[in-house]
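Chemist: Have a look; sequence and predicted model below, questions after that.
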Protein chains: 2
Amino acid sequence: MSSKVKKRTLIHDIARHLDVSIATVSLVLNGKAKQSRISDALAQRVLAYVEEVGYKPNHLAKSLRTGKTHVIGLVVEDISNPFFATVAWLIEKQAFERGYRIIYCSTDNDTSKAKELISMFQDRHVDGYIIVPSEGLEEQISTILHENIPVVLFDRYLPELPTNYIVVDGAKGMYEATQHLLDQGFSNIAFVTTDSKQTQMEARLEGYVQALQEHNRPQRIKRVDTTHSENILAEIHSFIRENRDCDAIIFSTNYLSIYGLEVITQQKLRIPEDLAVVSYDDHDLFRLYTPAITVIAQPIENIAKNVIDILLNELKHQTDRQTTAHQTVVLPTSLIVRQSSVRSEVQLPESTK
Amino acid sequence: MSSKVKKRTLIHDIARHLDVSIATVSLVLNGKAKQSRISDALAQRVLAYVEEVGYKPNHLAKSLRTGKTHVIGLVVEDISNPFFATVAWLIEKQAFERGYRIIYCSTDNDTSKAKELISMFQDRHVDGYIIVPSEGLEEQISTILHENIPVVLFDRYLPELPTNYIVVDGAKGMYEATQHLLDQGFSNIAFVTTDSKQTQMEARLEGYVQALQEHNRPQRIKRVDTTHSENILAEIHSFIRENRDCDAIIFSTNYLSIYGLEVITQQKLRIPEDLAVVSYDDHDLFRLYTPAITVIAQPIENIAKNVIDILLNELKHQTDRQTTAHQTVVLPTSLIVRQSSVRSEVQLPESTK
DNA sequence: ATGAAAGCGCTAACAA
DNA sequence: TTGTTAGCGCTTTCAT
């Protein structure tokens, strides 16, 4: 009963078999045959044999030697959130085509977990970072920058930190959504957001506030404590109950909307007759809900494309991360009007996407 | 303008600073101080200094040397599917506590992509695999087994392959769901599934068929071609249209149900009056939908726990993967009855979870 | 109780 | 054109 554990082929084995030196094999494998003036014939022989035995270089050894892992660390808030999942998927696809692998992790918006994850990526010697930063990550990210490793933030940024980032204009998006509700004749518009001070949340709030101020309408703002998820439902519940005179409500994230819809169902309120609803971020649920929910959608493909382009570009051109100007991109959102925010079905345009 | 790129501290630096040998530092760091009879005092000094300068060993070098990466590769069908996302999250949490890291990827049920991903994990020298296998992966997984690396499958298995696996009893679950519909007085029950021959899909179908046969009821089965997602909606659309005499419909996966609900909404059918609905897998959408959708739920925590326990156990006890018996676990599903499948609201039990 | 030194598999500068 | 060789940073045996 022999346990045949297959041993991997080494570069040494293939060199010996072909009776050439290890260096020759390595050079050919790394596309440096030409510049080392290795004959095409030999290069072909090497390639053919490598293919035949299915030789795969040991990445660990290679990385140890070159200092490059060709891995990008992606830190998002919650990979099971469709927004982040889709962006991550698009980024991964792009990166893969260009020879990079992505490893991703969720922070659940927990700073200490985020620190741990970034630290783990440092351990793994990732070549670059894509981070959706929770608050208090300035120092850690600063450290990365000091090691001259490229970083791109998205969804939000850290105002103190001169880094590349891609965000959307959430203030404008929310302004438009609020304006839309006012246009529809809703006059008491409530706003449910998180207690977070992150840039993207503050921007969304600001858009709401500005639109209301311009129309001299009262603000009804609820900042939900999201650190204790077991209480979210109850908090929204009492907020909606205490504001029965509101005729419209905006949720600043997709998951708050999902909780919100649950509460609205429980309280047997009709949408939009009793309460019009608008959510930030699109979602299967919002398209399919009856009535369909109006949303402020983010340009997901565009976000992903910008993120990966900027990162790969930095990876290619080793510049000094501390003196070079960083790139910042602000993309527009788009309002998708559905039944949940219109006064009567007649007024609903066909473009519910 | 000097670009101060911080250099990492090496084990060598810390040894020199403390005026001890590299080996001493390494031994202390790996908890082998005692067995090497290194004085507690020295061990403490080392630990203290390591802490002070924040020294982190280079994992690449460590792995190259030891042959262990402490990384587990997790290959699922689609990480943005809440079922897989939750299982992955639970697995990651467990693994993290026991010193292992998870890197995950989605196959989108594409065998060639799955092969690529597994191959990438091999490149990265993961210590073990957790795989939701798409069809045709036998050979590749076989190769892993030959290298004596632990593998655990879940959600489905490959009948040809003697491996560890965790699955649920989908046949029984579907049998119960069908039985429930019959009990409620629905008599023409349609079944929408994929064209996949994977074990879990076949089992679900089997449960449906068996229940109907026992009651001499006709079967109405639609196998949707899921490889072209742009056609799924249309396929379900015509199936439902052509089977207007059906009074109930079961979807064999959560994403088919989501498409199904969209179609049902479009056709302005009322649930459950015109068509009762049952889905496999629970989902936010199903809880919140009006009416709430009855589901066959999987024991997610239990699946995750079994998967990681078996894998970590194998990782601990290096056995011969080719001769040792493998472990197989079959877990029960549970039927969560909601409004979408009951004849009148009165009959709905309070336990909608 | 501690140190020297041999690798893990690979790359690339330098020699020939 | 091709081969030799010195590391990349770490673990661990063996000698002291």
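Modeler: Arrived safely, thanks for sending.
Chemist: okay, now the closest residue to residue A:302 other than its chain neighbours: neighbour count?
Modeler: Distance criterion Cβ to Cβ, 6 or more residues apart in numbering or on different chains; nearest residue to residue A:302, sequence neighbours excluded, is residue A:331 at 5.5 Å. C-beta here means a position set from N, CA and C on the backbone, and glycine is covered the same way. For residue A:331, the neighbour count with other Cβ atoms under 10 Å in any protein chain shown is 15.
Chemist: Give me the phi and psi angles of residue A:331.
Modeler: phi -100, psi 150 (degrees, to the nearest 10).
Chemist: how near is the one residue sitting closest to the centre of chain A to residue A:176?
Modeler: Geometric centre of chain A, nearest residue: residue A:84, 4.4 Å, by Cα atoms, centre = their mean. Look at residue A:84 and residue A:176: by Cβ to Cβ, to the nearest Å, they are 23 Å apart.
Chemist: got it, and residue A:125?
Modeler: 44 Å.
Chemist: ranges for the helices of the stretch 151-300 of chain A?
Modeler: A:170-183, A:199-214, A:229-242, A:254-266, A:284-288, A:300-316 (DSSP state H, counting those that start in this stretch).
Chemist: Out of the ones you listed, which is closest to residue A:110?
Modeler: Nearest of the helices of the stretch 151-300 of chain A to residue A:110, taken as Cβ to Cβ: helix A:229-242 at 11.9 Å.
Chemist: now the closest one: mean pLDDT?
Modeler: Averaged across helix A:229-242, pLDDT comes to 92.
Chemist: My read is that residue A:115 contacts residue A:137, right?
Modeler: Yes - contact criterion Cβ atoms under 8 Å: residue A:115 and residue A:137 qualify, at 7.0 Å.
Chemist: Can you verify residue A:103 is assigned to a strand?
Modeler: Yes - the assignment for residue A:103 (DSSP: H, G, I helix; E, B strand; the rest coil) places it in a strand.
Chemist: For it, give me its contacts.
Modeler: Residues near residue A:103 by Cβ atoms under 8 Å, 6 or more residues apart in numbering or on different chains: A:71, A:72, A:73, A:74, A:121, A:124, A:126, B:103.
Chemist: ok, how many other residues are close to residue A:129?
Modeler: Neighbours around residue A:129, by other Cβ under 10 Å: 22.
Chemist: Could you check how far it is from residue A:119?
Modeler: In terms of Cβ to Cβ, residue A:129 sits 12 Å off from residue A:119.
Chemist: just residue A:132 next, same as before
Modeler: When residue A:132 is compared with residue A:119 (using Cβ to Cβ), they lie 17 Å apart.
Chemist: Between those two, which has more neighbouring residues?
Modeler: Comparing residue A:132 with residue A:119 by other Cβ under 10 Å, the one with more neighbours is residue A:132, at 25 against 14.
Chemist: Go ahead and confirm the more buried one touches residue A:154.
Modeler: Yes - using Cβ under 8 Å, residue A:132 is in contact with residue A:154, at 6.1 Å.
Chemist: Send me stretch A:94-104 as PDB with only the CA atoms.
Modeler: Output of stretch A:94-104 as PDB, limited to C-alpha atoms (Å, rounded to 0.1, in the frame of the first residue of the first chain):
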ATOM      1  CA  GLN A  94     -10.300  43.100 -15.000                       C
ATOM      2  CA  ALA A  95      -7.400  42.300 -12.800                       C
ATOM      3  CA  PHE A  96      -7.400  38.700 -13.800                       C
ATOM      4  CA  GLU A  97      -7.000  39.600 -17.500                       C
ATOM      5  CA  ARG A  98      -4.000  41.600 -16.700                       C
ATOM      6  CA  GLY A  99      -2.300  39.000 -14.600                       C
ATOM      7  CA  TYR A 100      -3.300  40.000 -11.200                       C
ATOM      8  CA  ARG A 101      -5.200  38.100  -8.600                       C
ATOM      9  CA  ILE A 102      -7.600  39.600  -6.000                       C
ATOM     10  CA  ILE A 103      -8.000  38.500  -2.500                       C
ATOM     11  CA  TYR A 104     -10.900  40.100  -0.700                       C
END
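Chemist: Do me a favour and average the pLDDT over stretch A:103-115.
Modeler: 89.
Chemist: Any idea how far apart the tips of that stretch sit?
Modeler: 16 Å (Cα to Cα, to the nearest Å).
Chemist: ranges for the strands of the stretch 51-200 of chain A?
Modeler: A:71-76, A:101-106, A:128-131, A:151-154, A:164-168, A:189-194 (DSSP state E, counting those that start in this stretch).
Chemist: Compare the ones you listed and say which comes out lowest on pLDDT.
Modeler: strand A:101-106 (a mean of 88).
Chemist: Just checking: what are the partner strands of that strand?
Modeler: Its sheet considered, strand A:101-106 pairs with strand A:71-76 (parallel) by DSSP bridges.
Chemist: now could you export just the CA positions of the partner strand as PDB?
Modeler: Only the C-alpha atoms of strand A:71-76 are listed here, as PDB (Å, rounded to 0.1, in the frame of the first residue of the first chain):
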ATOM      1  CA  VAL A  71      -1.900  39.900  -5.800                       C
ATOM      2  CA  ILE A  72      -4.100  42.800  -5.000                       C
ATOM      3  CA  GLY A  73      -5.800  43.100  -1.600                       C
ATOM      4  CA  LEU A  74      -9.400  44.200  -1.700                       C
ATOM      5  CA  VAL A  75     -11.000  45.400   1.500                       C
ATOM      6  CA  VAL A  76     -14.700  46.100   1.300                       C
END
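Chemist: ok, and what's touching it?
Modeler: A:84, A:87-88, A:91-92, A:95, A:100-107, A:114, A:117-118, A:121, A:124-132, A:311.
Chemist: by how many degrees do it and helix A:300-316 diverge?
Modeler: Angle between the axes of strand A:71-76 and helix A:300-316 is 140 degrees (criterion: axes from the mean of the first three to the mean of the last three Cα atoms, to 10 degrees).
Chemist: Name the residues of strand A:71-76 that are buried.
Modeler: A:71, A:72, A:73, A:74, A:75, A:76 (16 or more other Cβ atoms under 10 Å in any protein chain shown).
Chemist: again, but for stretch A:181-188
Modeler: A:181, A:182, A:184, A:186, A:188.
Chemist: With respect to DNA strand C, which of those is nearest?
Modeler: Ranked by distance to DNA strand C (Cβ to the nearest atom of the strand), the buried residues of stretch A:181-188 are led by residue A:181 at 58.9 Å.
Chemist: In this structure that closest one contacts residue A:276, no?
Modeler: Yes - if you go by Cβ under 8 Å, residue A:181 and residue A:276 touch, sitting 6.2 Å apart.
Chemist: shared neighbours, the two?
Modeler: A:248, A:341.
Chemist: before we move on, the earlier item: looking only at neighbour counts, state which of residue A:115 and residue A:137 leads.
Modeler: The residue with more neighbours, out of residue A:115 and residue A:137, is residue A:137; 21 against 17, by other Cβ under 10 Å.
Chemist: Tell me how many other residues surround whichever residue of the stretch 151-300 of chain A sits closest to DNA strand C.
Modeler: Residue nearest to DNA strand C within the stretch 151-300 of chain A (Cβ to the nearest atom of the strand): residue A:151, separated by 23.9 Å. Neighbour count for residue A:151, taken as other Cβ under 10 Å: 24.
Chemist: Which residues are in contact with it?
Modeler: A:128, A:129, A:130, A:131, A:141, A:144, A:145, A:163, A:164, A:321.
Chemist: Based on its surroundings, how many neighbours for the first one?
Modeler: Counted with other Cβ under 10 Å, residues neighbouring residue A:128 total 24.
Chemist: Report the beta-bridge partners for it.
Modeler: In beta-bridge terms (that is, DSSP bridges), residue A:128 pairs with residue A:72.
Chemist: number of nearby residues for residue A:41?
Modeler: 8.
Chemist: try residue A:64
Modeler: 19.
Chemist: How about residue A:169?
Modeler: Other residues close to residue A:169 by other Cβ under 10 Å number 15.
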